[in-house]
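> Next comes the sequence, and after it the predicted model I'd like to discuss.
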Amino acid sequence: MHVELRKIAKCFGALRANDAITLTVPASTILGILGENGAGKSTLMKIFSGFYSPDSGEILLDGKAVRISSPADAIRQGIGMLHQDPLDFPPLRVLDDFILGRRGGLIPNRRGAAKEFKELALRFDFSIDPDVYVDTLTVGERQQLEILRLLWLGARVLILDEPTTGISLPQKEKLFATLKKLAAEGMTIIFVSHKLEDVEALCTQAAVLRQGVLVGEMLPPFQTKDLIEMMFGKEVPLAPKLKLEPGKSVLAAKHIALDGIRLQIKGVDLEVRAGEVIGLAGMEGSGQALFLGACAGLAQPTEGSFCLDEDEHDMTGRSHHDFRREGVAYLPAARLEQALVAGLSLTEHFILSEGMKGLFIDRRKSEELAASRIALYNIKGRPDSAVESLSGGNQQRALLALMRSPLKLILVEHPTRGLDIESTIYVWGKLKERCAQGTAIVFISADLDEVLQYSDRVMVFFAGRVSPPLDSGKLSVEELGRLIGGKGWEALQGATEHA
Amino acid sequence: MRNVSRIFLMLLIAVVVGSAAFAQSAPPAAGSNLTIGLVMVGPYNDHGWSQANYDGIQYVLAKVPGTKLVYIDKANSADRPGTTVSQLGESLVAQGAKLVVFSSDDMTDEAIKFAQDHKDIFVVLTSGSQQWKDGKDYKPLPNMINVMGRMEYMKMVAGVAAAMTTKTGKIGFLGPLINDETRRLAASAYLGAKYAWVNYLKKDAKDLQFKVTWIGFWFNIPGVTSDPTQVADDFFNTGFDVVISGIDTTEAVAEAAKYQAQGKTVWAVPYDYAKAIDEGKGVSLGVPYFNWGPAYSAVVTSAMKGTWKSHWEWNAPDWKNINNPDTSAVGFKKGTLSKAASDGVDTFVGELGKGLNLWKGPLNTQDGKPYLKAGTVATDQQVWYLPQLLEGMQGQSVSK
Amino acid sequence: MRDNRSTRFAFQLGAVVLALGIATLALLAAGAQPIQAYRNIILGAVGSWDVAANVLVSWVPLLLATSGLLVTFTVGLWNIGIEGQITLGAIFTTWALRSLQSSAMDPALVIILAVLAGMAGGALWAMFAGALKTFGGVNEIFGGLGLNFVATALNLWLIFGPWKRPGVASMSGTLPFERALWMPIAAGSSRLTPMTLIIAVIAILAVYAMIEGTYFGLRLKAVGKNQKSAYILGIPTWQHMMSSFAICGVFAGLAGAVQVTSVYHRLIPSISSGYGYMGLMVAMLVGYKASIAAPVALFFAALNVGSIQLPIVMKLDSSLAGVLQGTLVLFVILGQGARGRLLKKAKVRT
């Protein structure tokens, strides 16, 4: 099917998720859509598959403008979406899951469906038993089941969102072979990924999104360097960095192994010294958030140990509150979900984080505290403002203002995500102030410039593999981008193996 | 100043003495019009205990001019959470009731509290014994009367009907909870059955089995009581072909009907509401029932005329006609009985009318100890407070 | 549309009107005169000093249950197990009274000890629900419901077993306690106990002060609004949930103690009288705010007591009060939802 997207636009509040995106995908094409997290890939695909309706723009299928009102409507028009998390029903048997979503008839024709299921599976050489329960299948098999289901429902366009996450190499090869076969039969395939190698191995066309805008398209042979540049922006000269003498050891992570929901990491070593800044780079969900949380006591390692300070006292297995008492602060990215309490005022937050003692709240003292912190951190808000009424930048400032002193270690997820330039500079100014006082910082960012500019050392995470801390001074944006995209790992000394 | 305080003191004394005197006497006569308040433990149309009481008051309304009724049913803390029975009684007083009938033994505590709090209201506590001077629970309250019928006789009649009918010689008694009242009623049924077995059928008393199984309450409470359906089934499955019910609900009759439909010859005897006989055609041998109308008419009339005197009454049947609605406090409606059984029942009622007393020694309690020496007749206290089941009966005597 | 006091009030008023409408339809369906029914309910609740006193008697345990529930709601918990906690409070109170009634101790002291025992009993039962949630991962609604069943079974077992009247097990409960062991009844009333009124007023004031004025209350709020953030802010979350369970249990146990010492003067099978469930309705209706819980609880108590007139005067079922209360809660919550949606739409447009 010939697919055309014309000037698709979608805003969420002030955020332009998709800004007049126009794409043409002829039949038999395998289009790879690349972009870092938040670039607008998912939004575009959700519009195309009927989850969202666009603010403006139109969708043409085989030259005819259509309106897609819901996912069910999408599949009726031949658009099938394979989600990153398979949308199947684990407690059902494979065949029942397969039949679900089929229109017409109160009683499903199980026998007919079973026959068609077997034929389809045979065609693609999938070996799934229709009578087992879905939750006994591997992620790869569930994906296969979902593809069969979408084909059976009549999909002529197949959208795959990060389909290679969490499946084995042979399964990936089979998936790619299947997709190529389908494309040869006239199917249009849209492959959303951040893995350069996958796109290079599979796609016949590539499009790159960045900050909601289509920044470029490319046909094979793909130039990795150009793709990285399109994804992450131009390489910018680094500002001269003030090198601090590395201080005493603050945190020692030894041979850490962690079990995440979709991935494991193993054998990670890191020693953080006072005043040092460590950047954790990688596509979202590559294990860096898991590791950062573990450094705060929020996730417990299955192997290895965490020690604090020069005397290396063991904190393995201790709770976040124990880490907190030791002077470890954790600032999550989901500010309103994990760090601030919507419905409470700034003053109330300061009271809570200070751990004030006594029975009755000392109103005067707390308001003085709030007023002074608000002034000190230049937060645009009043002491009685509810935190959810603050802008993202001011929420981030509030988080910084909530940190206690002194601190040994600050663990931050995406310190400047969604912030404007002014706030970004302000936040890093405040963080650097802490560094100057001897606090170490470990942060996650998807912004390679930010990682290279502020870190002393960088660890790269890719699909469960972790690089050793690399000297940021010797890394270019391009090298880092390649590592994040899964390339050039062979040359790294001391990287962990796939867990 | 002294005068003022003296007057005040005298007034005080007058009030105290006056109220004390007031407390010692019944409320003043109600006159030619009286609103009766009736508090019932179950629904007024429950085909059982509550409806028998409701019908009793309806009888009063028809027979005693100037009477009116306000009532509240389902007066229990499960159906009306948060209320107390005395509070419900007050609600009836607010609607004009000058005489309140608390028609269940379960209301005793609240009825006493009500009678103490409202000395100007006539109180009838049905089936209680607080106003029985010779009773164990005597608690003098000038505004209270206890009313009860001598159901023991009719349970004996039920026992006769059962004994004349059983083919296996095994009679089951489906008992509610164990207390003085239920013990004496079960024992009465046994006495009647044994009498007919020995004297009419000329059989050996040893060949009569009489077994009591208590379910734990007046009706089935799942998880708390034994299931009466199950208990009735157990009886029928182990050779007991007649089950006398002592509970408020009709499981025994329903199960007997079920077994009869399967071709077994079994029967049941329901309890306490006359019209219950209509529901068990073919399986009910008859029903012993209360007829509250005459007794209620008498106490209502005494309240109106000013002849009210606190007392306890235990009313006997009218032996001339035990089913006379105007004179008999308890009765027995015959159901499906063979000619011989029917004759046996008639003969037995006749003998009772002539002075036959089965509560007569020698009688031993279940543990074999003498209860009545040979020739002695039980006093009302001995019957009312029967401490155990009688020798010859199977089943538990005291709740554990 | 703007978000202010008057629109909020308009929506609440609308909810009341709708609830009354449904109740009126129910009455018409039952073939009754609605106006007359409402008149009877009102007269039955405020028509005389006696019935007004009955309303207050019903208000006390209801307000105590509501007070406790406001604490668990603040921390984001649905303590549906409150019924069992009231029951356990009553059981512990009865146990203390039974143990001490024949001692030489001053009756006033016995009552105080019994009430304290009741509070401990309620707290204990609530902590079970809390422990099931915290350490067993059992949702507090399921745990609470289970514990309610256990409490009822325990209560019945005691009444029909070890604590039965001499020789007789009775549905009307255990043997009543001596008058000396009753909470003192006000002169001129047959059941109003001023002491329990004072307890209830102190309880709701204490809860209000705790939630609005203490560090502890603020921490409860934070946990209730966002457990993850609260944890990151350094608040020990499960400990606060457990404390709120315990506090709610204390109030529930107090309600049970009041039922035993000042309403029934004995232990009865349905000793909780459904005040726990009704307290949940009151708490939802007031939007979990302590400030207006007392009058709303009074209104519910008045409906309960007033509706007894329906079967007496009009031969109607008194469950109409339940219909009215239920629909009222439903419509107020629906109204809040509708208001929220409209406000959101208005915001998008501007």
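Thanks, I have the structure now. Residues are numbered from 1 along each chain as shown, chains lettered A, B, ... in the order given.
> Could you say which helix or strand holds the residue of the stretch 201-350 of chain C found nearest chain B?
Residue of the stretch 201-350 of chain C nearest chain B, by C-beta to the nearest C-beta: residue C:273 (3.9 Å). No exception for glycine: its C-beta is placed from N, CA and C like everyone else's. Using DSSP states H and E, residue C:273 falls within no helix or strand.
> ok, residue A:328 touching residue A:296?
Yes: counting by C-beta atoms under 8 Å, residue A:328 does reach residue A:296; the two are 5.9 Å apart.
> The stretch 301-450 of chain A: strands as residue ranges?
All strands of the stretch 301-450 of chain A, identified by DSSP state E, counting those that start in this stretch, fall at A:303-308, A:313-314, A:328-331, A:409-413, A:440-444.
> Let's have the ones you listed in JSON lines, adding distance to chain B and mean neighbour count.
Formatted as JSON lines, these follow (distance: least, C-beta to the nearest C-beta, whole Å; neighbours: other C-beta atoms under 10 Å in any protein chain shown):
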{"stretch": "strand A:303-308", "distance to chain B": "51", "mean neighbour count": "18"}
{"stretch": "strand A:313-314", "distance to chain B": "53", "mean neighbour count": "10"}
{"stretch": "strand A:328-331", "distance to chain B": "50", "mean neighbour count": "24"}
{"stretch": "strand A:409-413", "distance to chain B": "53", "mean neighbour count": "24"}
{"stretch": "strand A:440-444", "distance to chain B": "57", "mean neighbour count": "27"}
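> The ones you listed: which one's closest to residue B:354?
When these are ranked by distance to residue B:354, counting by C-beta to C-beta, first place goes to strand A:328-331 at 98.2 Å.
> where does the stretch 201-350 of chain C have low pLDDT?
Scanning the stretch 201-350 of chain C for pLDDT under 70 picks out the ranges C:344-350.
> go with 80
C:317-322, C:324, C:336, C:339-350 (pLDDT under 80).
> interface residues of it facing chain B?
Counting by C-beta under 8 Å from any C-beta of the partner chain, the stretch 201-350 of chain C comes close to chain B at C:263-266, C:268-275, C:304-305, C:308-309, C:311-313, C:318.
> The same query, at a cut-off of 7 Å, please.
C:263-264, C:266, C:268-270, C:273-275, C:304, C:308-309, C:311-313, C:318 (C-beta under 7 Å from any C-beta of the partner chain).
> Could you work out the most separated pair of those?
C:266 and C:313 (29.6 Å).
> okay, these two: which has more neighbours?
Neighbour count, other C-beta atoms under 10 Å in any protein chain shown: between residue C:266 and residue C:313, residue C:266 has more, with 23 against 19.
> Indicate which one of the strands of the stretch 301-450 of chain A is closest to residue B:205.
strand A:303-308 (84.6 Å).
> Enumerate every residue touching residue A:409.
A:250-251, A:272, A:327-328, A:439-440 (C-beta atoms under 7 Å, 6 or more residues apart in numbering or on different chains).
> Present those as CSV; the columns should include pLDDT and distance to chain C.
Formatted as CSV, the contacts of residue A:409 follow (pLDDT from 0 to 100; distance: C-beta to the nearest C-beta, whole Å):
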residue, pLDDT, distance to chain C
A:250, 92, 20
A:251, 93, 18
A:272, 93, 20
A:327, 93, 12
A:328, 95, 11
A:439, 92, 18
A:440, 94, 19
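> Name the nearest of the residues you listed relative to residue B:343.
Set against residue B:343, the nearest of the contacts of residue A:409 by C-beta to C-beta is residue A:328 (98.7 Å).
> My guess is that closest one contacts residue A:293. True?
No: Residue A:328 is not in contact with residue A:293 according to C-beta atoms under 7 Å; the separation is 11.6 Å.
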